[in-house]
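can you look at this prediction? I've put the sequence above it.
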2 protein chains.
Amino acid sequence: MRKTATLADIAASVGVTPMTVSRVVNESGYVHADTRQKVLRVMQEMNYRRNGLARGLKRQRTETIGLVVGDVANPFAAEVIRGVREVLTARGYTMFVCVSDQSVKEEAEAFESLADHRVDGMIVATRASRKGNAHLTTLLDANLPVVALGRDFNHPHTDFVSADHFKGGCDATEHLIELGHRRIGFVGIKQSYGAGLKRFQGYLEALRKHGIKVNEEIIVGGRKGTDQAPGYSTEEIGYEGMKHLLSLRKPPTAIFARNDFTALGAISAIKQIGRRVPQDVAVVGFDDVPLASHTSPPLTTVFQPTHEQGRIAAEFLLRRIEAAQNLPRAERVLPCKLIIRESTVSGTEST
Amino acid sequence: MRKTATLADIAASVGVTPMTVSRVVNESGYVHADTRQKVLRVMQEMNYRRNGLARGLKRQRTETIGLVVGDVANPFAAEVIRGVREVLTARGYTMFVCVSDQSVKEEAEAFESLADHRVDGMIVATRASRKGNAHLTTLLDANLPVVALGRDFNHPHTDFVSADHFKGGCDATEHLIELGHRRIGFVGIKQSYGAGLKRFQGYLEALRKHGIKVNEEIIVGGRKGTDQAPGYSTEEIGYEGMKHLLSLRKPPTAIFARNDFTALGAISAIKQIGRRVPQDVAVVGFDDVPLASHTSPPLTTVFQPTHEQGRIAAEFLLRRIEAAQNLPRAERVLPCKLIIRESTVSGTEST
DNA sequence: TATAGGTATGTTACCGTTATCATATTGAGC
DNA sequence: GCTCAATATGATAACGGTAACATACCTATA
């Protein structure tokens, strides 16, 4: 079991001090060209890799940040990750991703692992929860820069980035109302979560604004249990939820789905019993996943600038990391955009 | 800017040595019950978090492993991640995920970051490439335990876990042949990658076995450029590829798609011009994503045990990490399973 | 020629932990 | 009361790197 070479090993082999080798590695200070060459050659020979632990310990920063996401099997997470990484790598930082699987316990473990390994900061893109927020607060007491992405977290020393889900939900619902729908269902919500889901609140607001009474009968989640499953489970929630709605004496004429996958599941359910979208039931989704424009019918949905949120979160975080002292809270809410396709209006687009 | 408390701070406050506090933290050696209580109380008060850098530096292991994936926006990656994590957390290890976005350069950076931060081992689930393999080899010279998951990498000190994509591709194709198809297209391959894609080779093998000549005209990728995009781009590849196939003088009567998303894209294209699945074109996918059973028609596909691959990879890795010396290479290839739904055979399942 | 400033290296100490060895105290058994 | 082992704690020295300061040499300029 050969051990990894250290600066001292290189130094001994070249006949200089570790400090000189360090200067070569970090391209800092003066090193004679010849010495540098020799050092570089030996480094290569010995397959040197610098020890980030020692380096981080001494320098008191690791140039590393953690990104905590709840789920990874969807384009939202993927785009956030890409956005964050773009900014970070350009500035010489490394990103480590932790996945909480929507579990508060795993989320806490992720926070602690990242804190223990002394990341310079964290971007938190999990779903908000009372316990999760408490954990975060503890970490902030330990002076770790944190940015919340797409989830509530109120703390004076934290930044916040999100899309305007409320307005998006409102727009989506108003679109249906303008098409003449009055019986508009919401698919994909668990009663207990309702309060925290901005796009759902937008839905309620739109109904209120147009004098439509909220009908709890047509606000549904999936079958019990399905909403805790991983990955594409939201698709199932949509399917099950819609099945239920269709079994009602008076099913809704339109639905707003919690997200695109839920919407796709709902569309499956509608088609399966021989009804048509949008003629029998109009469907709006949320997120505008790449899939959405290729489904049949193409899905009307609300685009949110995911990639951009990632970039901004990363920029906020780096600013906070590199600031000498605590900065005041920065907030940024990006607009969503309703994209009308054929799942609400037939024949809008001819290909 | 308050600094994080250290063992020494706790020790000073309690009136003991850092060593004693360390014993409390690690629950190692003897500590008087009263002392332990006092230490724990002060630790809580001072919001102590152990320094993984110092700890890792001293102990020469971090109880941390890296997982490198190419893409994250798909159930495959998500399930691998879950499988790996289940095993790791049970054994007290932390996992950091790095995403290469299918770029060899980013992949190399991920390898290096992980190596620099002294993870105890790595699971590599990116797509194989000559350059990527070269990088990996360098790291192995630095004695880092590595497990390859679902990608080729031949090295005597590496383990290997995969599903049997070759057999899966073969089965899928034979299924179509048994249904009487002779003109079977393949959608979702770039010429240059063909050699490395086992499921494609299975397709070729099945054709050969049944005396069907390979027709390069009906083996297609997406439109140029689309196959480098992120996220669900494979869906577009399927759509574009199928469009092309349908424009041929003699389109195939069946296609085998590189994966389920490609298959779904292909189905969109087929439906869009008013053809039916499976009557006009039969479609087989690969992976059995949760979505697959809910599409219309439900997708015939090849299930691969993703979660299990993650678990086994993690077990292999831990074994290698905890072994005193280099272990011989372990390999494990898990069987896939053809799942027949209505995209190849109409009316198979009644709901 | 003395001086200043750039160039090239070395010395020292410390980042926060823990392995190892050393020391002290206690209690049980004879 | 003495011995031995278990209990409880401390002192020391690393782990690998780098910040800060010190030293030495060189060259250009007053």
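All right, it came through fine.

contacts only, for the residue nearest to A:L338 when sequence neighbours are not counted.
Excluding the flanking residues, the one nearest A:L338 by C-beta to C-beta, 6 or more residues apart in numbering or on different chains is A:D171, at 4.7 Å. In this view, the C-beta of every residue, glycine as well, is placed from N, C-alpha and C. Neighbour list for A:D171: A:202, A:206, A:302, A:336, A:338 [criterion: C-beta atoms under 8 Å, 6 or more residues apart in numbering or on different chains].

most neighbours among those, please name it.
The most crowded member of those, judged by other C-beta atoms under 10 Å in any protein chain shown, is A:V302 (28 neighbours).

wait, isn't that residue in contact with A:P335?
No. Using C-beta atoms under 8 Å, A:V302 is not in contact with A:P335, being 10.3 Å away.

the residue nearest to A:L338: what secondary structure?
At A:D171 the chain is in helix, as set by DSSP: H, G, I helix; E, B strand; the rest coil.

how about A:V124?
Classification of A:V124 using three-state DSSP returns strand.

returning to that earlier point: farthest pair in the contacts of A:D171?
A:A206 and A:C336 (13.6 Å; C-beta to C-beta).

without its sequence neighbours, what residue ends up closest to A:A172?
A:A172's closest residue in space is A:V284 (C-beta to C-beta, 6+ apart), at 4.5 Å.

could you do A:Q102 as well?
Nearest residue to A:Q102, sequence neighbours excluded (C-beta to C-beta, 6+ apart): A:G70, at 4.7 Å.

with A:L207 instead?
A:L207 sits nearest to A:V214 (C-beta to C-beta, 6+ apart), 5.7 Å away.

I figured the one you found was touching A:Q201, is that so?
No. If you go by C-beta under 8 Å, A:V214 and A:Q201 don't touch, sitting 11.4 Å apart.

more neighbours: which of the two?
A:Q201 (16 against 13).

contacting residues around that one?
Applying C-beta under 8 Å, 6+ apart, we find A:Q201 in contact with A:166, A:169.

separation between it and A:I189?
Distance, A:Q201 to A:I189, by C-beta to C-beta, to the nearest Å: 11 Å.

who's the closest spatial neighbour of the residue of the stretch 151-300 of chain A found nearest DNA strand D, skipping the chain neighbours?
Using C-beta to the nearest atom of the strand, the closest approach of the stretch 151-300 of chain A to DNA strand D is made by A:H157 at 25.5 Å. In this structure, A:H157 finds its nearest non-sequential neighbour in A:N326, 5.2 Å apart by C-beta to C-beta, 6+ apart.

sec struct for the one you found, please.
A:N326 falls in the coil class when you classify it by three-state DSSP.

what is the neighbour count of it?
13.

A:H135 - nearest residue in space that isn't next to it in sequence?
That would be A:A108: by C-beta to C-beta, 6+ apart, it lies 4.7 Å from A:H135.

checking my notes, the one you found in a helix, right?
Yes. Under three-state DSSP, A:A108 sits within a helix.
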